[in-house]
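Visitor: coords please:
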Amino acid sequence: MEIMEHYSFDDFMNIIRELRSEHGCPWDREQTHESLRDCMLEECYEAVDAINKNDLENLKEELGDVLLQVALHTVIAEEANTFTLDQVITNISKKMIYRHPHVFSDTSVENSDEVLSNWEELKEKEKKEETISDGMLRVAEALPALIRAAKIQKKAAKVGMEGADVQVVINLLKTSINALEEQSTKDNTAQIEAEFGKMLFLLIDLSRKLGINAENSLTNATDKFINRFIGVERLAEGEGKHLKNMSKEEQIALWGQLI
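Guide: Numbers count the residues shown, from 1 in each chain. From the prediction side, this is the model:
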């Protein structure tokens, strides 16, 4: 097949269908919804990474990779007579119209906060969520744990079921850390894990009350650690040494030079 200068969406879908055909690619033909799960996550994260780096050229490429995942899942479903591309497009079109009555109907809104409030209310009706618990159970378990915890806490907060103010949460964290320290001396992995999970959950609650994004904060802290580690490694190399061959005291001394 000769590569053309321009392709339409229909052209793209036909390329994917050809890859999945009996004369297509062995790898593509073997894929299932389940086998592609990690690919979907990775491509979405790479698109987010391009956004974070303001790399629009890379974003263009990564969005194409995300679209590839959408196309593959859709063609797999078409082959199994589960659903079609038209149904996917129709469903999302209906959802956008239904959840934007301020654009497609006569509802009035003053600002984006009202838009979000209406969106959540319409979503609850659409999903037939009669209780807050229904909404919690619908939060995807595949979400990163920090994001999922924040979403669950936000839903509880809608009815006032959340921790108290910042200082109270900090005090609870101190208690949790003490409990974790106590459990760490015992041979009880299950209890240690439970206390550690409780501590993380409280940290997410604290981040919400401080108005910060826990996921972003952890990402920034990780990046800071990487940059500092690079600096320490360069200092070691400047002394003609390798970190793995240095004593703990020598490593700490180098680390302290970058404070």
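Visitor: what ranges of the chain fall below the confidence cut-off?
Guide: 162-164 (pLDDT under 70).
Visitor: for it, what spans make up the helices?
Guide: For the chain, applying DSSP state H gives helices covering 9-19, 26-30, 37-52, 56-79, 85-98, 101-104, 112-126, 132-138, 145-157, 166-183, 189-210, 214-238, 248-256.
Visitor: Just put those in a markdown table and tack on mean neighbour count.
Guide: Using the backbone N, CA and C atoms, a C-beta is placed for each residue, glycine as well. Below are the helices of the chain laid out as a markdown table (neighbours: other Cβ atoms under 10 Å):
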| stretch | mean neighbour count |
| --- | --- |
| helix 9-19 | 14 |
| helix 26-30 | 10 |
| helix 37-52 | 14 |
| helix 56-79 | 16 |
| helix 85-98 | 12 |
| helix 101-104 | 13 |
| helix 112-126 | 13 |
| helix 132-138 | 14 |
| helix 145-157 | 18 |
| helix 166-183 | 14 |
| helix 189-210 | 16 |
| helix 214-238 | 13 |
| helix 248-256 | 12 |
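Visitor: I'd like to know which of these is closest to Ile3.
Guide: Among the helices of the chain, the nearest to Ile3 by Cβ to Cβ is helix 9-19 (10.8 Å).
Visitor: Contacts for that closest one, please.
Guide: 7, 24-25, 28-29, 67-68, 71-72, 74-75, 78, 85 (Cβ atoms under 8 Å, 6 or more residues apart in numbering).
Visitor: Now render the helices of the chain as TSV, adding distance to Glu2.
Guide: Formatted as TSV, the helices of the chain follow (distance: least, Cβ to Cβ, whole Å):
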stretch	distance to Glu2
helix 9-19	13
helix 26-30	20
helix 37-52	27
helix 56-79	20
helix 85-98	25
helix 101-104	42
helix 112-126	45
helix 132-138	47
helix 145-157	44
helix 166-183	63
helix 189-210	53
helix 214-238	43
helix 248-256	57
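Visitor: just to revisit the earlier point, using TSV, please lay out the contacts of helix 9-19 together with distance to Gly240.
Guide: Formatted as TSV, the contacts of helix 9-19 follow (distance: Cβ to Cβ, whole Å):
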residue	distance to Gly240
Tyr7	55
Gly24	55
Cys25	51
Asp28	51
Arg29	54
Leu67	50
Leu68	48
Ala71	53
Leu72	51
Thr74	57
Val75	57
Glu78	62
Leu85	61
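Visitor: Show me the two of the residues you listed that sit farthest apart.
Guide: Checking the contacts of helix 9-19 with Cβ to Cβ, the most distant pair is Tyr7 and Arg29, at 21.7 Å.
Visitor: and Glu43, what does it touch?
Guide: 62, 65-66, 68-69 are the contacts of Glu43 under Cβ under 8 Å, 6+ apart.
Visitor: Gln31 too?
Guide: Gln31 touches 72, 76, counting by Cβ under 8 Å, 6+ apart.
Visitor: now do Glu22
Guide: Counting by Cβ under 8 Å, 6+ apart, the residues that Glu22 touches are Arg29.
Visitor: roughly how far apart are it and Arg29?
Guide: Counting by Cβ to Cβ, to the nearest Å, the separation of Glu22 from Arg29 is 8 Å.
Visitor: likewise Lys186?
Guide: For Lys186, the distance to Arg29 - Cβ to Cβ - is 53 Å.
Visitor: try Ile204
Guide: 42 Å.
Visitor: next one: Asn111
Guide: Counting by Cβ to Cβ - Asn111 and Arg29 are separated by 50 Å.
Visitor: returning to what we had before: compare the helices of the chain and give me the one nearest Met1.
Guide: That would be helix 9-19 among those, by Cβ to Cβ, at 8.3 Å.
Visitor: Centre of the chain to the closest one, how far?
Guide: 29 Å (Cα atoms, centre = their mean, to the nearest Å).
Visitor: what does stretch 11-20 give?
Guide: For stretch 11-20, the distance to the chain centre is 29 Å (Cα atoms, centre = their mean).
Visitor: my read: Leu173 touches Ile204, true?
Guide: No. Counting by Cβ atoms under 8 Å, Leu173 stays clear of Ile204, with 11.0 Å between them.
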